[in-house]
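Enquirer: would you be able to build a 3D model of this:
(one chain, ligands or ions: 2)
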Amino acid sequence: MEALTVADVGVERFNNDHQRLLFYIIEFNRLAERFHERKPLEEEWDPIDAIFPRLEKYTQEHFQAEEELMRQHKYPLLEQHIEQHQQLIRHLQQLKMDVTNRQAAAITRLESFLLDWLTTHINQDDRQYQGCFQLAETRRISERALFNEMIAADQLQRLIDLSASNVVLLDLRTESEQEEGIIWGSRLFPCDHNLINRQDTEPFRRSFNARFKPDLFDPDLWYVLICRSGPRAAIALEQFQQHNLQACELIGGIQEWLRQALPLVGKEQAR
Ligand SMILES: [Fe+2]
Ligand SMILES: [Fe+2]
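Expert: Ligands and ions are numbered 1, 2, ... in the order given. Sure thing, here's the model as predicted:
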């Protein structure tokens, strides 16, 4: 049998459930293989019967959890998805009855039903909800960051992973600091800074104010302001807010980013 794979649906808990189903399917296929050529003996039906309680428990818990999350996120294909779950449940009940009636042909039908569950339902239908949930997660992180005027490094990494399209990472450090590495996809906005006496924020303030033109920024986007450890981003944030631009600081700047072992890339990967 070809190696079976299960798609990433973007929700860890559901990915784990799907892996469990994949495990049941592989085990069942191994068991059923010997009955391609012959009928099971009376005592050989027991392990075949045993798959049904497992699958029934799985459908109850997993389908309910998926539907609940879809409802919360107002997933537009909710009704269709519930109907697909119902169909799987009905089909499973029918196969259970056939197995209980000791119809040998039901074993191969159950094998292909399970395979279809994986390749059609999980790898296609379940995958469709990924975008909806990810959009909701992006919105939740963004709203919280804008409200707090700050975003934590791990939350920013999550937004990058989610390819949040309305977020711009703005790197305010000096050119030489940016040379040492930037956060993937940052926009470079290098400003001078007193690198010998970092307490002295005046050179930065002057340089930033000279470069900062509100028209260069889009009020529909929001900006994550990044410096080495925070103070420069805080100065820039005041300006953004004065011009009604949406922005927040990266908490602890690049120092905190590195402390959390998050990756930096070369300047050529700037946007
Ligand atoms: Fe699922
Ligand atoms: Fe589903």
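
Enquirer: pop the domain breakdown of the chain in here.
Expert: In the assignment given by automatic domain parsing, the structural domains of the chain cover 12-140, 149-269.

Enquirer: need those domains in TSV (columns: mean neighbour count and mean pLDDT).
Expert: Placement of C-beta: from N, CA and C, glycine included. Conversion of those to TSV gives the following (neighbours: other C-beta atoms under 10 Å; pLDDT from 0 to 100):
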stretch	mean neighbour count	mean pLDDT
domain 12-140	15	93
domain 149-269	17	95
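
Enquirer: any idea which of these gets closest to ligand 2?
Expert: Between ligand 2 and those, the tightest spacing by C-beta to the ion is seen for domain 12-140, at 4.5 Å.

Enquirer: quick one: the closest one near ligand 2?
Expert: Yes: Domain 12-140 reaches ligand 2 (C-beta under 5 Å from the ion) through 66, 126.

Enquirer: and the domains of the chain as a markdown table, adding distance to residue 6?
Expert: Output for the domains of the chain, formatted as a markdown table (distance: least, C-beta to C-beta, whole Å):
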| stretch | distance to residue 6 |
| --- | --- |
| domain 12-140 | 5 |
| domain 149-269 | 20 |
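
Enquirer: strands of the stretch 151-271 of the chain, start to end?
Expert: With DSSP state E, counting those that start in this stretch, the ranges of strands along the stretch 151-271 of the chain come out as 167-171, 187-188, 222-226, 246-250.

Enquirer: I'd like these as TSV, with distance to ligand 2 appended.
Expert: What follows is these, written out as TSV (distance: least, C-beta to the ion, whole Å):
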stretch	distance to ligand 2
strand 167-171	30
strand 187-188	39
strand 222-226	33
strand 246-250	36
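
Enquirer: adding distance to residue 17, write those strands out as JSON lines.
Expert: Shown next, in JSON lines, are the strands of the stretch 151-271 of the chain (distance: least, C-beta to C-beta, whole Å):
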{"stretch": "strand 167-171", "distance to residue 17": "30"}
{"stretch": "strand 187-188", "distance to residue 17": "39"}
{"stretch": "strand 222-226", "distance to residue 17": "34"}
{"stretch": "strand 246-250", "distance to residue 17": "35"}
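
Enquirer: between the ones you listed, which one is closest to residue 271.
Expert: Each of the strands of the stretch 151-271 of the chain was scored for nearness to residue 271 using C-beta to C-beta, and the closest is strand 187-188 (5.1 Å).

Enquirer: tell me which other helices or strands the closest one touches.
Expert: The helices and strands touching strand 187-188, judged by 3 or more C-beta pairs under 8 Å, 6 or more residues apart in numbering; DSSP states H and E, are strand 167-171.

Enquirer: run the angle between the strand it packs on and strand 222-226 for me.
Expert: Angle, strand 167-171 to strand 222-226, by axes from the mean of the first three to the mean of the last three C-alpha atoms, to 10 degrees: 30 degrees.

Enquirer: what pairs with strand 167-171, parallel or antiparallel?
Expert: Each strand that strand 167-171 pairs with, and the sense of that pairing, follows from DSSP bridges: strand 187-188 (parallel), strand 222-226 (parallel).
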